[in-house]
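[1] I'd like to go over a predicted model; first the sequence, then the structure.
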Amino acid sequence: MFFTEFYEYLESAVLSKENLLISGDFNIHVDNIHDSDAIKFSDLLESFGLKQHVTGPTHKDGHTLDLIVTRCSDCILSAPPKVDCYLSDHASVCCKLASQRPPLLDKVLTFKKYMGIDLESFKRDLDSSSLCQSTPSVISGEGLDELARDYNNTLSALVDRHAPLKSKRVRSRPSVPWYTAEINAAKKLRRKAERRWRRTGLHEDFVAFKEQRNRVTYLMNVTRKEFYTDFIAENSSDQGKLFRAAKKLLAKKEVPSFPEYVDNSALVNDIGRYFIRKINTIRSSIDSASDPSVGALLPDDPVVGPNKQLWEFQSLDEGQVSELIQSAVRHLVPVILRELH
């Protein structure tokens, strides 16, 4: 069963354009050249042009079970994998990838330090302003507008003087919506326990590190599960939002790709002809349905029939019409592209 499912998985995985790296506990003794499963696994990898990189035992009983697999043509690993310490009955396997992290994006934030305003100085400037010095006793309609303008201009100028606009450049770091302060605090404790264990090498410090590591893993799994369970429950009536969330989780990026046209006007004309064909097809289907001989073959409509009439229609505002058009465009673009291809 495993080899059948793994074969089907590799059939789709090897077709990806990106670099391929598969890792995990395969529970196959690849170090035993006489093991039938190991031979079958090795032949399977070879047939797909893949290579297994881990050498040496990764299990406490002395077998190589935890593997790292890449394409033979991909130079992903900058050095051979190294079997590290045993955190459980399996050892951790470390490797260095010949790739760099995507650069973090910088963004400029603008802000004002309202908490740093000297209130006494602000009050003195406000008292000496025209807003407080020349307030009329009787306010007419035009005077009220002028007073409102003076109010806005005076306070805006005072705020700009006492709390000038500042800017700073910050790094935009990617984050996930389910990440919480509790997880962040647990990760800090895990890192602290790991540093202590690596410094002392004591068994009790190693046990404390494992407990904290398991705690972080448990928190992340539970929090992520609860977040997406609640998200699905709250948006169960909005299928579009659910599909967008699923695509984001699966990291699917769909970029519209038009056919290669030397002349853009030819592309536009082909799109126009597609809509004309579509309209003609719809009209011909309506005409055939109106034929009595054809209509007799059609099932009765459960909503609209010969004895049913539509009496009320809901009027739509401009925003609702715009939303319907945009939604239709999003659904029609992939169909048009398929037809043009």
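    All right, it came through fine. Numbers count the residues shown, from 1 in each chain.
[2] ok, longest helix in the protein?
    Ranked by residue count under DSSP state H, the longest helix found in the chain is helix 203-234.
[3] Which positions within it qualify as buried?
    205, 206, 208, 209, 210, 212, 213, 215, 216, 219, 220, 223 (16 or more other CB atoms under 10 Å). Quick note: C-beta positions are derived from backbone N, CA and C, even for glycine.
[4] So what touches the helix or strand that comes right after it?
    Sequence-wise, the next helix or strand downstream of helix 203-234 (DSSP states H and E) is helix 239-249. Under the criterion CB atoms under 8 Å, 6 or more residues apart in numbering, residues 228, 231, 232, 235, 236, 254, 327 lie in contact with helix 239-249.
[5] residue ranges with poor pLDDT in the stretch 1-150 of the chain?
    Across the stretch 1-150 of the chain, the ranges flagged by pLDDT under 70 are 134-143.
[6] for it, what spans make up the strands?
    Ranges of strands in the stretch 1-150 of the chain, per DSSP state E, counting those that start in this stretch, are 21-25, 50-52, 66-71, 82-86, 91-94, 105-111.
[7] Let me know which of those strands is tucked in deepest.
    Mean neighbours per residue, mean count of other CB atoms under 10 Å, is largest over these for strand 66-71, with a mean of 20.
[8] what's the angle from that strand to strand 21-25?
    For strand 66-71 against strand 21-25, the angle by axes from the mean of the first three to the mean of the last three CA atoms, to 10 degrees is 160 degrees.
[9] same for strand 66-71, what does it pack against?
    strand 21-25, strand 50-52, strand 91-94 (3 or more CB pairs under 8 Å, 6 or more residues apart in numbering; DSSP states H and E).
[10] need those strands in JSON lines with distance to residue 107, can you?
    Shown next, in JSON lines, are the helices and strands packed on strand 66-71 (distance: least, CB to CB, whole Å):
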{"stretch": "strand 21-25", "distance to residue 107": "31"}
{"stretch": "strand 50-52", "distance to residue 107": "41"}
{"stretch": "strand 91-94", "distance to residue 107": "34"}
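[11] out of the ones you listed, nearest to residue 180?
    strand 91-94 (26.0 Å; CB to CB).
[12] about what we covered before: so which of the buried residues of helix 203-234 is the closest to residue 73?
    residue 220 (34.5 Å).
[13] That closest one - nearest residue in space that isn't next to it in sequence?
    residue 183 (5.9 Å; CB to CB, 6 or more residues apart in numbering).
[14] Could you check the angle the helix or strand the one you found falls within makes with helix 203-234?
    Using DSSP H and E, residue 183 sits within helix 181-200. Calculated by the same axes, to 10 degrees, helix 181-200 forms an angle of 160 degrees with helix 203-234.
[15] Quick one: residues contacting residue 170.
    Contacts of residue 170 by CB under 8 Å, 6+ apart are 106, 107, 108, 109.
[16] can I get these in CSV with distance to residue 127?
    Putting the contacts of residue 170 into CSV (distance: CB to CB, whole Å) gives the following:
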residue, distance to residue 127
106, 43
107, 40
108, 36
109, 33
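[17] from those residues, which single one is nearest residue 74?
    Of those, the one sitting nearest to residue 74 (CB to CB) turns out to be residue 106, at 31.2 Å.
[18] who's the closest one bridged to?
    residue 171 (DSSP bridges).
[19] how close does it sit to residue 22?
    Counting by CB to CB, to the nearest Å, the separation of residue 106 from residue 22 is 34 Å.
[20] residues in contact with residue 6?
    By CB under 8 Å, 6+ apart, the residues touching residue 6 are residue 44.
[21] Next one: it relative to residue 22, how far apart?
    Taken as CB to CB, the span from residue 6 to residue 22 is 9 Å.
[22] Could you do residue 180 as well?
    On the measure of CB to CB, residue 180 and residue 22 end up 31 Å apart.
[23] Residue 159 too?
    58 Å.
[24] same thing with residue 172?
    31 Å.
[25] Then residue 271?
    42 Å.
[26] Could you do residue 97 as well?
    For residue 97 relative to residue 22 (CB to CB), the value is 13 Å.
[27] pLDDT on stretch 223-233, on average?
    The average pLDDT within stretch 223-233 is 85.
[28] In PDB, list the C-alpha atoms belonging to the helix holding residue 183.
    C-alpha atoms of helix 181-200 as PDB (Å, rounded to 0.1, in the frame of the first residue of the first chain):
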ATOM      1  CA  ALA A 181       1.600  35.600  22.500                       C
ATOM      2  CA  GLU A 182       1.400  32.300  24.400                       C
ATOM      3  CA  ILE A 183       3.200  30.500  21.500                       C
ATOM      4  CA  ASN A 184       5.800  33.300  21.400                       C
ATOM      5  CA  ALA A 185       6.500  33.000  25.100                       C
ATOM      6  CA  ALA A 186       6.700  29.200  24.900                       C
ATOM      7  CA  LYS A 187       9.200  29.400  22.000                       C
ATOM      8  CA  LYS A 188      11.400  31.800  24.100                       C
ATOM      9  CA  LEU A 189      11.400  29.300  27.000                       C
ATOM     10  CA  ARG A 190      12.200  26.500  24.500                       C
ATOM     11  CA  ARG A 191      15.200  28.400  23.100                       C
ATOM     12  CA  LYS A 192      16.400  29.200  26.700                       C
ATOM     13  CA  ALA A 193      16.100  25.500  27.700                       C
ATOM     14  CA  GLU A 194      18.000  24.400  24.500                       C
ATOM     15  CA  ARG A 195      20.800  26.900  25.200                       C
ATOM     16  CA  ARG A 196      21.100  25.700  28.800                       C
ATOM     17  CA  TRP A 197      21.200  22.000  27.700                       C
ATOM     18  CA  ARG A 198      23.800  22.600  25.000                       C
ATOM     19  CA  ARG A 199      25.900  24.500  27.500                       C
ATOM     20  CA  THR A 200      25.800  22.000  30.400                       C
END
